[in-house]
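A.B. asks: Generate coordinates for the sequence data below:
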Amino acid sequence: MKIAIAGKGGVGKTTISGILCRVFGQTGKSVLAIDGDPNPNLSRILGIDPNQVPPPNLSTDILERVEKADGTRKIIVKSPMEEVLNIYGQDAPDQVTLLKVGTPDVAGAGCMCGSHTCVREIIHTAMSADNDHVTLLDMEASMEHMRRGTAKHVDIMLTVVEPYYRSLEAAGRFASLSKELGISRVYAVANKVHNEREQEAVDQFCKNQGLELLITIPFDPNVGEADLIGKSIMDYKENSLIILKARELAELLSNIPIQVPLN
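C.D. replies: Just a heads-up that it's a prediction; the model follows:
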C-alpha cells in the first residue's frame, strides 16, 4: 500500500504522517517513510534522535534512463531497493525506515527536479502494493510535487485539511490535481477540529468537492506540548487523542482494496 499525504503548510500533515508510520509499524507492517519536503521534519515525529548522524539524502545516482521496446525512454531506479535503503535509509522505531529528499545545498542552487524524480521512481518500485507493506510519502506543502507528478504512483492520496478557508481551498486543489495524475482513491482527513461549527464547515466543503471525508481528528493539545520539549507525540503520551484517531485511520486505510500491478 502506497500513500501520499498532502496539505497546506501548518495543517499537521507531517504530524499525521509520522504517527501513521509508527502506528502501521506497530501492527507488524514493514514501513518505508519518505520525507519529500526540502525542509524535512518527519524524523522528529518518527522519534529519531536528532543527535544521530543521518545518512546521505537521496541522490540521482540511483537513477538510470533506459530505452523501451517502442524506442521511447524512461527513468528507473537502477539500484536494488535493498541497496538504496542500506545507503540512504535511516532506522526509526516500530519497523519504520526513513528516506529524505533533504534541503538544497546552497541558496540559489536551482530547482530540485532530480529529487522529485527520485521520490517518484522509488515509490514506483519500492514495495509491493499489498497491505503487508506500507510506503508513505509526506509531501511538500506546495503544489510543486503535484506539478512534477511525484506522487503519481501512489494508491491513496490523503489531503489534510483544517476548517479554515485557505486550508479548504488548498485541499480542493490537491484533490483535483491528484485525480488528474490518475490517483483514483483521494480522501480528506480533517485535523484540529474544535467544535461542531468547524466540523460542519469541513463536511460542507467535502460535499461540494465530491470528496470523501475519511476521518476527523479533533484538536489535541498534547501535540504542541510534545513539540515544546522536542519529543515525538508517539513517545510523549501514547493514549493521546490524535494517536487513537490515527489508529482508526490506519485501520480504515488497510481495508481499502488496492489493486496489485501486473508488472
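A.B. asks: Determine the longest strand present in this structure.
C.D. replies: The longest strand of the chain (DSSP state E) is strand 185-193.
A.B. asks: ok, residues contacting that one?
C.D. replies: 5, 11-12, 16, 155-163, 171, 175, 178-179, 199, 202, 205-206, 209, 211-219, 249, 256 (Cβ atoms under 8 Å, 6 or more residues apart in numbering). C-beta: built from backbone N, CA, C; applies to glycine.
A.B. asks: Which of those fall in strands?
C.D. replies: Short answer: the contacts of strand 185-193 in strands (DSSP E) are 5, 156-161, 212-218.
A.B. asks: Neighbour-wise, give me the winner out of those.
C.D. replies: Val161 (33 neighbours; other Cβ atoms under 10 Å).
A.B. asks: tell me the pLDDT at that one?
C.D. replies: Note for Val161: predicted pLDDT of 92.
A.B. asks: try Leu244
C.D. replies: pLDDT at Leu244 comes out at 97.
A.B. asks: number of nearby residues for it?
C.D. replies: 14.
A.B. asks: Could you do the one 3 residues further on as well?
C.D. replies: Applying other Cβ under 10 Å, we find 16 other residues in the vicinity of Arg247.
A.B. asks: So which helix or strand of this structure has the lowest pLDDT on average?
C.D. replies: Least confident element among the helices and strands of the chain, by mean pLDDT, DSSP states H and E: helix 144-148 (a mean of 54).
A.B. asks: and the longest strand of the chain, how far out from the chain's middle?
C.D. replies: 13 Å (Cα atoms, centre = their mean, to the nearest Å).
A.B. asks: between it and strand 212-218, what angle do the directions make?
C.D. replies: Strand 185-193 runs at 20 degrees relative to strand 212-218, counting by axes from the mean of the first three to the mean of the last three Cα atoms, to 10 degrees.
A.B. asks: Next, the angle strand 156-161 makes with strand 185-193.
C.D. replies: 30 degrees.
A.B. asks: Describe which strands strand 185-193 pairs with in its sheet and in which direction.
C.D. replies: strand 156-161 (parallel), strand 212-218 (parallel) (DSSP bridges).
A.B. asks: As a markdown table, the ones you listed with distance to Gly28 would be great.
C.D. replies: Formatted as a markdown table, those follow (distance: least, Cβ to Cβ, whole Å):
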| stretch | distance to Gly28 |
| --- | --- |
| strand 156-161 | 20 |
| strand 212-218 | 22 |
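A.B. asks: which one of those lies closest to Tyr88?
C.D. replies: strand 156-161 (24.0 Å; Cβ to Cβ).
A.B. asks: Quick one: the helices in the protein, in order.
C.D. replies: 13-26, 42-46, 81-88, 113-125, 144-148, 165-180, 196-209, 221-228, 241-254 (DSSP state H).
A.B. asks: Tell me which of these sits most buried.
C.D. replies: Among these, the stretch with the highest mean neighbour count (mean count of other Cβ atoms under 10 Å) is helix 13-26, at a mean of 26.
A.B. asks: How about Ala201, nearest residue that isn't a chain neighbour?
C.D. replies: Among residues not flanking Ala201 along the chain, Pro163 sits closest, at 4.5 Å (Cβ to Cβ, 6 or more residues apart in numbering).
A.B. asks: One more: Ile242?
C.D. replies: Asp220 is the one closest to Ile242 (Cβ to Cβ, 6+ apart), at 4.2 Å.
A.B. asks: so where's this structure uncertain?
C.D. replies: 102-120, 123-131, 141-152, 259-263 (pLDDT under 70).
A.B. asks: can we see that at 50?
C.D. replies: 104-112, 128-129, 149, 262-263 (pLDDT under 50).
A.B. asks: coming back round to it: closest to Pro55 out of the helices of the chain?
C.D. replies: helix 81-88 (5.4 Å).
A.B. asks: Straight-line length of stretch 55-68, end to end?
C.D. replies: 33 Å (Cα to Cα, to the nearest Å).
A.B. asks: buried stuff in that stretch?
C.D. replies: Across stretch 55-68, burial judged by 16 or more other Cβ atoms under 10 Å covers 55, 57-58, 62-63.
A.B. asks: No further queries at this time; thank you.
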